[in-house]
Structure formats: C-alpha cells, structure tokens
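[1] Can you look at this prediction? I've put the sequence above it.
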Amino acid sequence: MNCEQANNLIGARIDGEIDNGHVAALDAHLAECAACRGVVEAMTAVDADLTRAFAPRRAAAAAVADRVLSQFVVPPAVPLPAPATTVHRSWWASWGKPLAAAAAGFGLAVLLMRPWNDTHTPIAGTGPSSVPAITVANPVGQLSLATGAVYICPPNSDNWRPLESGGAVQAGMQVRTGPKVRCEFKLSDGSEVRLNADTRVTLAAARRVEVASGQVFSSVHKQTDGAPFVVHAAPAETTLTALGTAFDVTCAPGKATLTVVEGSVKVDAAGKQNDVVRGGEALTVADGHFADKRQVENLMRATQWVDEILVMKGRDNPELARRIDDIFAQLGHEKMWYMQAQEVRRLGDHCVIPLTRYIESDRSKRTPDDEIKRREAARIVADVATTWAIPELINLLSDNDGEVRYAAAKALQRLTGQSLGRRPEEWRDQSLMSCNNTIAQWHAWWEQNKSHFPGADPDSVKPVELFKAAVPKDKA
Amino acid sequence: MTDGQLVRQALAGATPAAYETLVRRWAPRVVGVCHARVGRAAAAEDLAQEALLRGLRALATLSDPEKFGPWLCGIASRTCLDWLKKSERTEVSLSRLTGGSGSGSGDDGELHVAARGADAAERAEQADDLRHLMAEVDRLPEPQREALMLYYYEDCTYQDLAQRLGVSAATVNARLTQARMALRERLVDRQDGQDKDKRVRT
C-alpha cells in the first residue's frame, strides 16, 4: 500500500466508509509510516472543524425547508402520468393540443385583424391622441379609452351620467360600465386601470381603487416615493397592495379572485390572513379567507379581455407587443410539446416566429426538461429558417445557452455565407461574454446588408435592447 | 418511502405530508448544490428556496417520479446559473483568483461570536478560524468543493454522493480526501503566518 492509497483509506475510515477488508492493511501501513499517522491526526481535525463550520449551514437548510413549506400552497390533485407501458395516446393527447394551438393561432389572427373595429364605433375616445387635457380640479384620472358608454356618479348619490372621452374624474367618483363595454382610465400617477363589462368601481384617490363588482385590470406605475397602489375588493373585504405590478381582480358576492401578471401583490383578507401573490399566480379569497392559490397555466388567456383595449392603442403599444409575443411563445411551446419534431419541421418557416418567441420566453426555461425542448426548437429554427428570419437568428446569438447560439450561428452561415470570424462551434463552446464583440459585428453587418435581403423586417431585430443586456458593464 | 412514492402521493392529493417529507429530505442537498455553485451562503439559501418552490410547483411536469432528486438538483443548478449570469459575479471571481478574503462565506453571521473577556476572545478566534475555513472551502476546485459541500450539508453515504455526482464511490472518497488535505495545508500555512506575525509583534 502506498501513502496515497493510505490517505484515501484514512478518509474513508473517518467517514465510516472503510471496507473491512482494508482495515488490517491500513493499520499495518500506519504502524510503519509516521507521515500517514500525521495525516490521520490532521484529517480528523479538519473533519471536526468542517462539521462545526457546517453546523449553522445545516440549520440554515432546515430553515429554508420551513420557509418553503410556509409559502407553498398544496395544489389540487392532478391526474397521475399514464403508466410507462401505455403506448397509445388518447385522441386529445394526439390532436387536442395541436387543435388548441391552432385555435389560439386563430384567436391571434382575430386579435390582429381587429374585426370589431368594423362592427361598432366606440362612443368614447378611440386612442390616447384623442384625449383632451384634464380640466376638473384635483382629478385622479381621465377616461382614455372605451368601447361604449361609461357612466360616473358623485359619492353618496345615484345621479349617474355619461362620461365623455378624455373626461376627468375627481377623487371619490363612482364609475360603471354596462354590458359589452370595456374602458381604461389613465390615473394621474401614470397608472392605468381597465374595467371589464358590468363593472362598478370608485376611484377613491390617486392610487386607490375600490371595486364594488366586476373585473378590473391595473397596470401600476411605480412611484419613486414608494407610495402604495391599493385596490380594495369590497365584496370580499380584501385589500390588494401592488408592489410595482400588473394584476387583475374579479369580484363576485363574497369573493374576489386575484391574478398577478407581473411583479407581486400583497393581499390582506379582512385582516384575518395576508400573503404575497407573485407573477403567474392566482389567489381566490372567499368570506375573508384564502380559498385557493395556484399557478396560472396561461396568463394571457386568463386576462385576454384587456386585449380589446390594448389593440385600440395601436401596434406600437409595448404591452400589446409583449402579449402577442407571449401568444406566439405559447404556440411554440405547444408545438414543441404536443407535436413530433418532424411534424413541426413540416410547417417550414411558418414555425420560426412561434419557436423563436418560445425560445426567448420564460416558458422554455422552467424545468430541466424544457432545456431539451428549447434546444430542439433552436435546431428546427436553424434548419427551416429562410432569409426573412435573419434578424431573429441574430437575436438568438445573445442567448445564454451555447447550444442555441450554435444553432443560430449555423443558420446564419447557411443563409448569408458569413461567419464573421467565429465558427458555430465557438458560439457553443465559448462564454456568452466572449461572444459579445461578434454579436455587435452581426448587428452592424445587418444594418449594412439588410437591403440585400428583401422580406426581412428591418425593425424586427432588437439590437439595442438585447445587445445592452449581453454586454458587461465595463464595456457598455 | 421512496421519492417516487412520495411524488405520486403528493400529486394524488393524498396528503400534504408527502410534500413536506420531500422538502425536508432534499432541502439540505439543494442548499448544498446552490452553495457549491454560487459560493455565498446567504445567496445560496435564497436560491435554494426559489428552486424548491419551483420544483414543487412544477411537480406535475416531472415525467419520472423516481428521478425527483436529480430533477430538483437540476432546477437548483439552473436557478443558480441564471442568478450568476444576471448578477455578474465578477467581484467574487476576482477575489477567488487573488485569494482575497471577500469571497465565500463572509456572510455567515452564525459563525460570529461576541467577544467578552479572555474566554470570549478565544471563542472569537475559533469563530474566525471557522470563517476562514469556509472561505477556503469556497476556493477549492469545483469537483472537490461540490463533493465536500454535499457531504457536510447532509448525512449521506459515498454511494449517495456517487449517484448524485455521476462518479464512482472511490472518486467521491478521493475528492473528499484531496479536499481535506488541501484545506489542512492552507490552514497550516495560515497558522504559520499568524505565528510569524506574533513573533514580529513581540
């Protein structure tokens, strides 16, 4: 036995892992080797020190478990996965999801084509540009958009009257919408409050909305002084304090359901229970108690009623753009998870936008299994993309995953004949930071050459936003 | 009860205790994974908490319930990777490269011992030694650091660690031994340096 072997056995003995067959041989070596006897002493001391040093860390891990258990709300039971021996897929598994994806695509087309614009004319204003200046003293907001008649009423009164487009609302004023009418108020702090049909609220103050019934979506403008934005859901005696966020609340008698789209919302239910609900989560409060907290599978679908208002704001509206991107990402997600790769490939370059948005979205970054699908999506995009997709591929060069960058670089080489000095393998094997210069070169190259690639949308590349995100601070 | 059985129970809604058992069983390892990845105890706890919550919420998407552990550790690794990329850990890397004292476990408040009197001074010195030891752990090469962190964060066998790390039990033994030897060497160097300082002062 040499000293290196003896050292390993010393470690194993300290850890209680030594094989009985090796004990005698180790003891024989130690009897002869003073150096290894010193190692026994040293390693025992280090082990004791490490055990002491890690004691608070183990306690901290137990505290982490406590915190997780206090925050986690057990979801309702879900059907168990089918046994592994089952080879036949149900009709729904085979076709239902693709059809749902197709339906979502149809919904998107409806959204983009805006057929409702041809069928009715909004009574109130049709866009922010039509909104006149506020003239009411101390207004808390003004009606910026509406698809029909919106009525207001002073506090403690029943004298309802229609509100003109751009009309200002004073603090304490009640507001209601009728059937099929949706509207948006721009508040004096920059926040936006959207009312669904058959909704009644009081704009109590600049950053306080009291909901009596119906559905309200709040897009909160963060205040530098940290002033809270509060929505009080009266039927459920529930107070929602936004922490710089976008959220939806639906009120029914004795009940309120909160859906958080971005950021987080602090919920206080009649002073009995409180919690923080984060983006992607929903919470129902009934009779002053939390009834159900859950992850929302499809946020855009859950809040799709606001799309009608956003579409009225025009194509350049960033919130609308984000929601459309998410719809595409959802389509891409469903294509990747519910269709065979070969079936997706057969869609040709029609699948490039959904798959690209899927790769760029959080939908493809939730679990380790997503990583496999994400990379597969990148390979499909790389194989089927045509020249119009060059800007999309340039955007993918800034992806955190080297495999995605590799696929994008291969496609760019195929479509443009260029590598700009960096082989596809280098995009995969080297860090994103080391790729920054070449990413900048690709953006510059595109600016110079985009006229040679008719069909590509010159505005679809996002050089400023993505490039800044990828450049380290000291080089930006 | 195996992880797979617990996952099935949890998904079937049979008992919330199944979730609790899974969390308590895996929390030390997840914190260990995060600590090994990011090298900062406080950040590791936050990231582990996030990873555990993500894992529980995505439990229904786990295709093989028996692989809950590796799946969860994968989520933890990915959570850490995202955090490292987002927060540009350059100052940590630099301090590691130069052996600066600003690395690693400086945020281990639990190791601080209030110094009052001679006995307290000794305890404070011991606490300082343990802080230094944790900082040295952070400077170990990643394979050794990972094995050491996971081993000391939880009571596990070489075989458990071997499965987790995808290596043989003999390799786990060798990595732990190398790590302890390296730590011992660095602590001795430090002690020698402190002794020299004391002689110079006296």
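    Structure's in. What do you need? A quick note: this is a predicted structure, and the numbers were derived from the prediction, not measured.

[2] Pretty sure residue A:376 sits against residue A:336.
    Yes. Judged on Cβ atoms under 8 Å, residue A:376 makes contact with residue A:336 at a distance of 6.7 Å. Every residue, glycine included, has its C-beta placed from N, CA and C.

[3] Give me the common contacts of the two.
    Between them, residue A:376 and residue A:336 share no neighbouring residue, with contact defined by Cβ atoms under 8 Å, 6 or more residues apart in numbering or on different chains.

[4] what about these two, which has more around it?
    The neighbour count for residue A:376 versus residue A:336, taken as other Cβ atoms under 10 Å in any protein chain shown, is higher for residue A:336 (24 against 16).

[5] hang on, the more buried one packs against residue A:344?
    Yes. Proximity of residue A:336 to residue A:344 meets the contact threshold set by Cβ under 8 Å, at 6.9 Å.

[6] and for these two, which residues touch both?
    With Cβ under 8 Å, 6+ apart applied, the overlap between the contact sets of residue A:336 and residue A:344 consists of residue A:355.

[7] Give me the next element, helix or strand, following the host helix or strand of residue A:250.
    In this assignment (DSSP states H and E), residue A:250 forms part of strand A:246-252. Counting by DSSP H and E, the next helix or strand C-terminal to strand A:246-252 is strand A:255-262.

[8] can you give me how far that following strand is from the chain middle?
    15 Å (Cα atoms, centre = their mean, to the nearest Å).

[9] so what strands line up beside it?
    The pairing partners recorded for strand A:255-262 under DSSP bridges are strand A:246-252 (antiparallel), strand A:281-286 (antiparallel).

[10] And for the strand holding residue A:250, what's in contact with it?
    Under the criterion Cβ under 8 Å, 6+ apart, residues A:211-220, A:231, A:233-236, A:240, A:256-263, A:265, A:277, A:302-303, A:306 lie in contact with strand A:246-252.

[11] Among the residues you listed, which ones are in helices?
    With helices defined by DSSP state H, the entries of the contacts of strand A:246-252 inside them are residue A:302.

[12] buried stuff in stretch B:40-60?
    By neighbour count with 16 or more other Cβ atoms under 10 Å in any protein chain shown, stretch B:40-60 contains the buried residues B:40-41, B:43-59.

[13] ok so, going back, mind listing what's buried in the strand holding residue A:250?
    Neighbour counts over strand A:246-252 (16+ other Cβ under 10 Å) mark A:246, A:247, A:248, A:249, A:250, A:251 as buried.

[14] Please enumerate the helices of chain B.
    Using DSSP H, the helices of chain B run over B:3-12, B:16-38, B:41-57, B:68-87, B:90-98, B:117-138, B:142-153, B:158-165, B:169-201.

[15] export those helices to JSON lines and tack on mean pLDDT and distance to residue A:298?
    Putting the helices of chain B into JSON lines (pLDDT from 0 to 100; distance: least, Cβ to Cβ, whole Å) gives the following:
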{"stretch": "helix B:3-12", "mean pLDDT": "84", "distance to residue A:298": "21"}
{"stretch": "helix B:16-38", "mean pLDDT": "86", "distance to residue A:298": "24"}
{"stretch": "helix B:41-57", "mean pLDDT": "89", "distance to residue A:298": "15"}
{"stretch": "helix B:68-87", "mean pLDDT": "85", "distance to residue A:298": "22"}
{"stretch": "helix B:90-98", "mean pLDDT": "38", "distance to residue A:298": "38"}
{"stretch": "helix B:117-138", "mean pLDDT": "70", "distance to residue A:298": "42"}
{"stretch": "helix B:142-153", "mean pLDDT": "86", "distance to residue A:298": "38"}
{"stretch": "helix B:158-165", "mean pLDDT": "83", "distance to residue A:298": "35"}
{"stretch": "helix B:169-201", "mean pLDDT": "80", "distance to residue A:298": "44"}
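
[16] Which residue would you name as the spatial centre of chain B?
    Nearest residue to the geometric centre of chain B (Cα atoms, centre = their mean): residue B:32, 3.2 Å.

[17] interface residues of the stretch 151-300 of chain A facing chain B?
    Within the stretch 151-300 of chain A, the positions lying close to chain B (Cβ under 8 Å from any Cβ of the partner chain) are residue A:295.

[18] residues contacting the one residue in the stretch 151-300 of chain A that gets nearest to chain B?
    Distance from chain B to each residue of the stretch 151-300 of chain A (Cβ to the nearest Cβ) is smallest for residue A:295, at 5.4 Å. Taking Cβ under 8 Å, 6+ apart, we find residue A:295 in contact with A:75, A:280, A:281, A:282, B:57.

[19] can you pick the most crowded of those?
    For these, counting by other Cβ under 10 Å, the largest number of neighbours falls to residue A:281: 21 neighbours.

[20] Just list whatever residues bridge to it.
    In this entry, residue A:281 is beta-bridged to residue A:295, by DSSP bridges.

[21] From residue A:257, how far out is it?
    Using Cβ to Cβ, to the nearest Å, one obtains 11 Å as the distance from residue A:281 to residue A:257.

[22] Quick one: residues contacting residue A:45.
    Applying Cβ under 8 Å, 6+ apart, the residues near residue A:45 are residue B:184.

[23] mind listing what's buried in the helix or strand where it lies?
    Here residue A:45, judged by DSSP H and E, is contained in helix A:34-71. Within helix A:34-71, the residues that qualify as buried by neighbour count (16+ other Cβ under 10 Å) are A:36, A:39-40, A:42-43, A:46-47, A:49-50, A:53-54, A:56-58, A:60-61, A:64-65, A:67-69.

[24] Keep only these that also lie close to chain B.
    Within the set of those, contact with chain B (Cβ under 8 Å from any Cβ) is found for A:39, A:42-43, A:46-47, A:49-50, A:53-54, A:56-58, A:60-61, A:64-65, A:67-69.

[25] where's the residue in the stretch 351-476 of chain A that chain B sits nearest to relative to residue B:76, distance?
    Closest residue of the stretch 351-476 of chain A to chain B, Cβ to the nearest Cβ: residue A:368 (3.8 Å). Computed with Cβ to Cβ, the distance linking residue A:368 and residue B:76 is 10 Å.

[26] neighbour count winner among those two?
    In this view residue A:368 and residue B:76 are compared by other Cβ under 10 Å, and residue B:76 has more residues nearby, 27 against 17.
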